[in-house]
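**Student:** Quick one: sequence plus predicted model below, questions after.
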Amino acid sequence: MDAAAQTDPHDIKALPHDEFYAKARAILRGVQTVIDGKREAVEMALTVLLAEGHLLIEDVPGVGKTMLARALAKSVDCSVSRIQFTPDLLPSDITGVSVYNQADREFEFKPGPIFANIVIGDEINRASPKTQSALLESMEEGQVTVDGRTYVLANPFIVVATQNPIEMEGTYPLPEAQRDRFMARISMGYPDATAELEMLKTRETSSPLAALEPVVSGVDLQRMIGSTRAVFTSRAIEQYAVAICQATRSDRELRLGASPRATLQLVRAAKARAALDGREFVLPDDIDALAIPVLGHRLIAARRAGGGTSALSGGSVADIISRIVAQTPVPLSAS
């Protein structure tokens with residue numbers, strides 16, 4: 001297994017600020033050679049990676065969801081696996097299975113693809129709810145339990161999952177507990193005309209993904225994560241994040257508000273965004289910018305405006321979050 005998986009994260013020293021910034025820029029530049037014209041989506045993906053979260057990329061087929069996941073994984077020199085979710089996929093196909101070894105006359109555990117630093121789950125909502133739930137324990141606790149035995153996963157452990165909108169044929173909506181374990185949900189969107197023309201020219205004869213080389217090692221990634229943890233968050237910023245999440249739980253237009261896990265992940269993501277911006281402290285702007293991607297997929301509207309909204313855009317839920325953020329006062333000591 002990769003060295004990063006065998007290293008105790010508490011023994012890893014954080015990178016110096018300038019070295020962290022240089023390596024983060026290198027990852028962004030590398031991924032952007034593969035994903036044209038989607039800087040915000042690339043930055044959000046790296047934010048989640050550094051915040052030790054899991055990323056859900058939702059959009060229509062063909063816009064580069066899987067390509068973004070693969071490019072991000074290839075930029076880091078650590079173990080990577082890919083799971084293609086299908087209706088007939090079984091939980092044991094993800095976690096692994098115990099096989100009887102006739103020579104030793106005992107059962108032997110064969111690890112599944114979940115045992116990697118970065119796991120790409122392609123079209124996760126095409127699998128049955130039973131198979132989707134196989135990821136629950138691994139995403140929250142960094143371990144899997146098979147036949148009564150618990151196996152610890154690699155560190156760091158990040159799931160980057162893609163899914164098609166639930167309106168698409170042959171999809172199963174992710175249960176609330178599963179969605180809540182993803183730190184953020186992003187959409188790729190269609191490229192603009194310039195980026196699409198450039199794509200036609202550059203990909204006629206070669207694939208940019210094939211030329212992409214790792215720019216940081218697994219240990220470097222752990223040190224970058226350590227630097228992200230060290231970003232300062234004032235008490236006022238924490239109060240601001242809590243106030244926003246508390247407001248979602250009492251809002252009349254929401255049937256399900258943000259969980260305490262969402263509050264924790266909102267602050268973690270804000271630390272990563274601040275670090276990527278070259279700062280060693282979190283600003284209210286970080287919380288504001290991340291509120292929709294971090295909270296949007298966790299909330300459920302009490303009613304659908306106009307008879308229904310698209311699950312792809314987040315529709316009315318995004319509008320509700322924007323209103324709550326605008327109405328929540330920023331503590332004076334945080335601004």
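**Tutor:** Noted; the coordinates are in hand. Numbers count the residues shown, from 1 in each chain.
**Student:** The closest residue to residue 184 other than its chain neighbours sits in which helix or strand?
**Tutor:** In this structure, residue 184 finds its nearest non-sequential neighbour in residue 293, 4.3 Å apart by C-beta to C-beta, 6 or more residues apart in numbering. No exception for glycine: its C-beta is placed from N, CA and C like everyone else's. Element membership for residue 293 (DSSP states H and E) is helix 284-295.
**Student:** And for residue 243?
**Tutor:** Per DSSP H and E, residue 243 falls inside helix 235-250.
**Student:** What residues sit buried inside that helix?
**Tutor:** 236, 237, 238, 240, 241, 243, 244, 245, 247, 248 (16 or more other C-beta atoms under 10 Å).
**Student:** So for the chain, the centremost residue is which one?
**Tutor:** residue 55 (1.5 Å; C-alpha atoms, centre = their mean).
**Student:** Tell me how many other residues surround the nearest residue to that one once chain neighbours are set aside.
**Tutor:** What sits nearest to residue 55 in space, not counting adjacent residues and going by C-beta to C-beta, 6+ apart, is residue 48, at 4.4 Å. Neighbour count of residue 48, defined by other C-beta atoms under 10 Å: 28.
**Student:** A helix includes residue 48, no?
**Tutor:** Yes. The assignment for residue 48 by DSSP: H, G, I helix; E, B strand; the rest coil puts it in a helix.
**Student:** picking that back up, tell me which residues of the helix holding residue 293 come out buried.
**Tutor:** For helix 284-295, by 16+ other C-beta under 10 Å, it's 284, 286, 287, 288, 289, 290, 291, 292, 293, 294, 295.
**Student:** for residue 47, what are its contacts?
**Tutor:** The neighbours of residue 47, taking C-beta atoms under 8 Å, 6 or more residues apart in numbering as the test, are 184, 269, 272, 273, 276, 290.
**Student:** Residue 42: helix or strand, and which one exactly?
**Tutor:** helix 39-50.
**Student:** if I read this right, the residue nearest to residue 184 contacts residue 187, doesn't it?
**Tutor:** No. If you go by C-beta atoms under 8 Å, residue 293 and residue 187 don't touch, sitting 9.3 Å apart.
**Student:** which residues touch the residue of the chain most remote from its centre?
**Tutor:** Within the chain, residue 103 marks the point farthest from the mean C-alpha position, 42.1 Å out by C-alpha atoms, centre = their mean. With contacts defined as C-beta under 8 Å, 6+ apart, residue 103 has no neighbours.
**Student:** Please tell me the pLDDT value assigned to it.
**Tutor:** Residue 103 is assigned 85 on the pLDDT scale.
**Student:** Distance of it relative to residue 121?
**Tutor:** Per C-beta to C-beta, to the nearest Å, residue 103 is found 34 Å from residue 121.
**Student:** cool, and residue 267?
**Tutor:** For residue 267, the distance to residue 121 (C-beta to C-beta) stands at 25 Å.
**Student:** likewise residue 325?
**Tutor:** 30 Å.
**Student:** of these two, who's got more company?
**Tutor:** Each of residue 325 and residue 121 has its neighbours counted (other C-beta under 10 Å); residue 121 has more, 27 against 20.
**Student:** Any idea what that one is bridged to?
**Tutor:** Bridge pairing for residue 121 (DSSP bridges) gives the partners residue 83, residue 161.
**Student:** can you pull the contacts of it?
**Tutor:** 82, 83, 85, 135, 159, 160, 161, 162 are the contacts of residue 121 under C-beta under 8 Å, 6+ apart.
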